[in-house]
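Q: only geometry, no sequence info:
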Ligand SMILES: [Zn+2]
Ligand SMILES: [Zn+2]
């Protein structure tokens, strides 16, 4: 009995994640993402699509809805079942109503029952494998880790995770669940985004700090635009409550309003923190309303320079002192980084000095990674992925035995366990 792990992409890059776990009988993939701008390896999206057509997979399991984990979902052969969290399916469905990707829209309608949803931590089986999903904190709401029992081995696939969000305690729950279910982890596949993405000059806040800072900021800056991912519901919640405490109305375009509506319907049932009611459509942002407002812009990452120029002039018309809250990774604004987005940088520069940088990372920092590894106590291997610095795992503040377990993989390389 044995199981094999192949990181098809992600051994040396952030995003575009796709990992295979296989026994003699069963072959599954975890995530099927598109490459992220600014972090490319040697495996192109087209190489992955070719592999999907040539090999036979029994299922693809998705950890969360971010494009670097789901971007190639519509290229998976139609007879392969797809497993995802019910919440992820709902959020993707709303998102796709605006992206007009017909293949994805048809897929998400699920007329053929190809999408099978799971509810963490309830286990399910695929062939001779048992999969237990564990809910975990990330900048995508309702992300999951997967504990996979196959070929007599137990593999924990981390997906993307952190502990700096409102649901950060979920990370501490995972070792407790492992104990409760009497599971020992042989192999830990661990994401390592922050091995390189923690820019020294960037102050990283947790979500509570961000909300507090935004609240103070908006007391004296009452005309604010916000750059933040429309699916980063934690940060949007922080800004929303900071605005409301200052008596400011929140505006957004139709797409973001729809996303927040879907999110509030799901997550608002659990906590008032996620009840984001009354976000208004930006067309209601009249000249009178411009005396005090917060306008959510999304990321603006895909916009053209002309579009952004027009956008700035149109949005700030009649606004005396437009301020920008920049709540995204700063690498997009750094000309030295391969993910530099000159269009976005140009847009931000139009605000001059009137920019407030306040960001919570979606990923675990080194300290959190070290805590997590020591709490999970893998027995055989630590396989870094979703990272540009796999070697860096050997420099984490963990016991030597864990450092010795780190195996740096290459894209496409297979490791057999057991
Ligand atoms: Zn990712
Ligand atoms: Zn992610």
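A: Perfect, thanks for sending it. All of these numbers come straight from a predicted model, not from anything done at the bench. Ligands and ions are numbered 1, 2, ... in the order given.
Q: from residue 134, how far off is the closest residue to residue 228 other than its chain neighbours?
A: In this structure, residue 228 finds its nearest non-sequential neighbour in residue 327, 4.1 Å apart by CB to CB, 6 or more residues apart in numbering. For the C-beta atoms, the positions are set from N, CA and C on the backbone; glycine is no exception. Distance of residue 327 to residue 134, computed by CB to CB, to the nearest Å: 27 Å.
Q: related to what we said a few turns ago, and for the residue nearest to residue 228, the neighbour number?
A: Residues within reach of residue 327, counting by other CB atoms under 10 Å, total 24.
Q: that one reaches residue 234, doesn't it?
A: No. Between residue 327 and residue 234 there is no contact under CB atoms under 8 Å: 10.4 Å.
Q: hmm, back to that, residues in contact with the residue nearest to residue 228?
A: 210, 226-228, 232, 235, 239, 358-360 (CB atoms under 8 Å, 6 or more residues apart in numbering).
Q: give me the phi and psi for the closest residue to ligand 2 within the stretch 251-400 of the chain.
A: Nearest to ligand 2 in the stretch 251-400 of the chain, going by CB to the ion, is residue 362, at a distance of 5.8 Å. The phi/psi pair for residue 362 (degrees, to the nearest 10) reads phi -80, psi 0.
Q: if we can go back for a sec, can you check which residues contact both of residue 327 and residue 234?
A: Listed as contacting both residue 327 and residue 234 by CB under 8 Å, 6+ apart are residue 360.
Q: Three-state assignment for residue 298, please.
A: Local secondary structure at residue 298 is given as coil here, using DSSP: H, G, I helix; E, B strand; the rest coil.
Q: so it makes contact with residue 231?
A: No. Applying CB under 8 Å, one finds residue 298 not in contact with residue 231, separated by 9.4 Å.
Q: neighbour-wise, which of those two wins?
A: Taking other CB under 10 Å, residue 298 and residue 231 do not tie; residue 231 has more neighbours (23 against 20).
Q: gap between that one and residue 206?
A: Applying CB to CB to residue 231 and residue 206 gives a distance of 19 Å.
Q: does the lowest-mean-pLDDT helix or strand in the chain come close to ligand 1?
A: Lowest by mean pLDDT, DSSP states H and E among the helices and strands of the chain is helix 194-197, with a mean of 85. No. Helix 194-197 lies out of reach of ligand 1 by CB under 5 Å from the ion, never closer than 10.8 Å.
Q: what's that helix packed up against?
A: When contacts are defined as 3 or more CB pairs under 8 Å, 6 or more residues apart in numbering; DSSP states H and E, helix 194-197 sits against helix 366-376.
Q: who does the helix it packs on touch, helix- and strand-wise?
A: helix 169-180, strand 187-191, helix 194-197.
Q: how does it look with 7 Å?
A: helix 169-180, strand 187-191 (3 or more CB pairs under 7 Å, 6 or more residues apart in numbering; DSSP states H and E).
Q: so which bits of it are buried?
A: For helix 366-376, a neighbour-count test (16 or more other CB atoms under 10 Å) marks 366, 368-373, 376 as buried.
Q: now, which of these lie close to ligand 1?
A: Among the buried residues of helix 366-376, no residue is within reach of ligand 1 (CB under 5 Å from the ion).
Q: save the contacts of residue 327 as CSV, and put in neighbour count and pLDDT too.
A: Formatted as CSV, these follow (neighbours: other CB atoms under 10 Å; pLDDT from 0 to 100):
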residue, neighbour count, pLDDT
210, 24, 97
226, 25, 98
227, 22, 98
228, 24, 97
232, 25, 97
235, 27, 98
239, 27, 98
358, 21, 93
359, 21, 93
360, 23, 94
